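>>> Just to be clear, the model below is a prediction. Sequence and coordinates:
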Amino acid sequence: MRQKLIAGNWKMNGLKADSQELVAGILSGLRATPVSADILICPPFTLTASVAVAVQGSPICVGVQDVSDAPKSSGAYTGEISAEMAADIGATYAIVGHSERRAMYGESNTVVRAKAENVLKAGLTAIVCVGETLEERESGQALAVVGEQVMHSCPTQTDGTNLVVAYEPVWAIGTGKVPTTADVAEMHASIRARLNDLLGHEAAERVRILYGGSVKPANAAELLSVSDVDGALIGGASLKAADFLAIAETQK
Ligand code: PEP
């Protein structure tokens, strides 16, 4: 039985004061209404350490939104942050291969896999993002494109416990559009089958597959009840404590 994971990706949002307020709101909401799912917050690097301190002793985990693909965990890589550094300030998860990084910063499957491998080596859990564009969906290539991403972006040195795959159709991110539950179920089953090819049955069964893309309080319960959906990766709605909590509270 895979434990559901509700993860917030703050992207490039948050300054010291407003982030403390947001975290305090989430903490007090979870104290009032505990949930059964794992809860993860991924603030920008600048806030990782302070958010990690703020959530200490609570059920909330902290993650980063990216790590370096450099072959070493320290050295002459100006501007880079290694997975080991993220672990050092309290992160236990790292997102890699978000579609914004693939599209805006040209990250290939090879780069994403190198990042994911660094994440696992540092003892963190990797959240590897995959997802098709609207053009790819409309031309009937969604399953093939996402299958390729899974096969070439996911690390293989894992028993499945420290790997999460986030299926995020690019056209659903920040747009208010969501795929049908049938499409989500089909894609998640296909991702599980690819993981089976890559990791073998036992490990593949342990990997959590999240859905991401315009998850809101109004659609969360339905999306999270789809077969093989083991949680959600949430962008916009994770920036409002009430919305993030309402999504988490669908998992009591
Ligand atoms: C995301 O970018 O990971 C995401 C899911 O964003 P949103 O929830 O805003 O669509």
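Perfect, I can see it now. Numbering: from 1, shown residues only.

>>> got the residue ranges for the helices in this structure?
16-32, 45-54, 83-88, 99-104, 109-121, 134-138, 142-153, 181-199, 201-206, 217-224, 241-248 (DSSP state H).

>>> The first one: which residues count as buried?
It stands for helix 16-32. Ser19, Gln20, Leu22, Val23, Ile26, Leu27, Gly29, Leu30 (16 or more other C-beta atoms under 10 Å). All C-beta atoms are positioned from the backbone trio N, CA, C, and that covers glycine.

>>> so which of the helices of the chain comes closest to the ligand?
helix 99-104 (6.7 Å; C-beta to the nearest ligand atom).

>>> so, in contact with the ligand or not, that closest one?
No. Helix 99-104 does not reach the ligand (C-beta under 6 Å from any ligand atom); its nearest approach is 6.7 Å.

>>> Quick check: mean pLDDT of that helix?
Averaging pLDDT along helix 99-104 yields 98.

>>> For the helices of the chain, could you give me TSV that also reports distance to Thr175?
Putting the helices of the chain into TSV (distance: least, C-beta to C-beta, whole Å) gives the following:
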stretch	distance to Thr175
helix 16-32	23
helix 45-54	26
helix 83-88	29
helix 99-104	12
helix 109-121	23
helix 134-138	9
helix 142-153	16
helix 181-199	15
helix 201-206	30
helix 217-224	13
helix 241-248	16
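
>>> Tell me which of the ones you listed sits nearest to Asp38.
helix 241-248 (9.8 Å; C-beta to C-beta).

>>> what does that closest one contact?
6, 8, 22, 25-26, 29-30, 33, 35, 37, 39, 215-217, 220, 232, 234, 237-238 (C-beta atoms under 8 Å, 6 or more residues apart in numbering).

>>> Same question for stretch 34-42.
3-10, 23, 26, 30, 51, 55, 59-65, 93, 95, 231, 238, 248-249, 251-252.

>>> Neighbours of Gly123, how many?
Neighbours of Gly123 under the rule other C-beta atoms under 10 Å: 11.

>>> about what we covered before: out of the contacts of stretch 34-42, who's near the ligand?
Checking those against the ligand (C-beta under 6 Å from any ligand atom), the matches are Asn9.

>>> Quick check: Ala237 touching Gly213?
No. Using C-beta atoms under 8 Å, Ala237 is not in contact with Gly213; the gap is 11.2 Å.

>>> More neighbours: those two, which one.
Gly213 (26 against 20).

>>> Now the more buried one. Nearest residue, chain neighbours left out?
Ala172 (2.8 Å; C-beta to C-beta, 6 or more residues apart in numbering).

>>> State the distance from that neighbour to Ala166.
Using C-beta to C-beta, to the nearest Å, Ala172 is found at 12 Å from Ala166.

>>> So which of these two has more stuff around it?
Neighbour count, other C-beta under 10 Å: between Ala172 and Ala166, Ala166 has more, with 27 against 22.

>>> Quick check: Lys121 touching Ala83?
Yes. Between Lys121 and Ala83 there is a contact under C-beta under 8 Å: 6.9 Å.

>>> With just CA atoms, put stretch 171-182 into PDB.
What follows is stretch 171-182, C-alpha atoms only, in PDB (Å, rounded to 0.1, in the frame of the first residue of the first chain):
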ATOM      1  CA  TRP A 171      -0.800  22.000 -21.000                       C
ATOM      2  CA  ALA A 172      -2.400  21.500 -17.600                       C
ATOM      3  CA  ILE A 173       0.200  23.400 -15.500                       C
ATOM      4  CA  GLY A 174      -1.100  26.800 -14.400                       C
ATOM      5  CA  THR A 175      -3.900  26.800 -16.900                       C
ATOM      6  CA  GLY A 176      -6.900  25.500 -15.000                       C
ATOM      7  CA  LYS A 177      -7.300  22.700 -17.500                       C
ATOM      8  CA  VAL A 178      -7.100  19.000 -16.300                       C
ATOM      9  CA  PRO A 179      -7.200  15.800 -18.200                       C
ATOM     10  CA  THR A 180     -10.100  13.500 -17.800                       C
ATOM     11  CA  THR A 181      -9.800  10.900 -15.000                       C
ATOM     12  CA  ALA A 182      -9.800   8.200 -17.700                       C
END
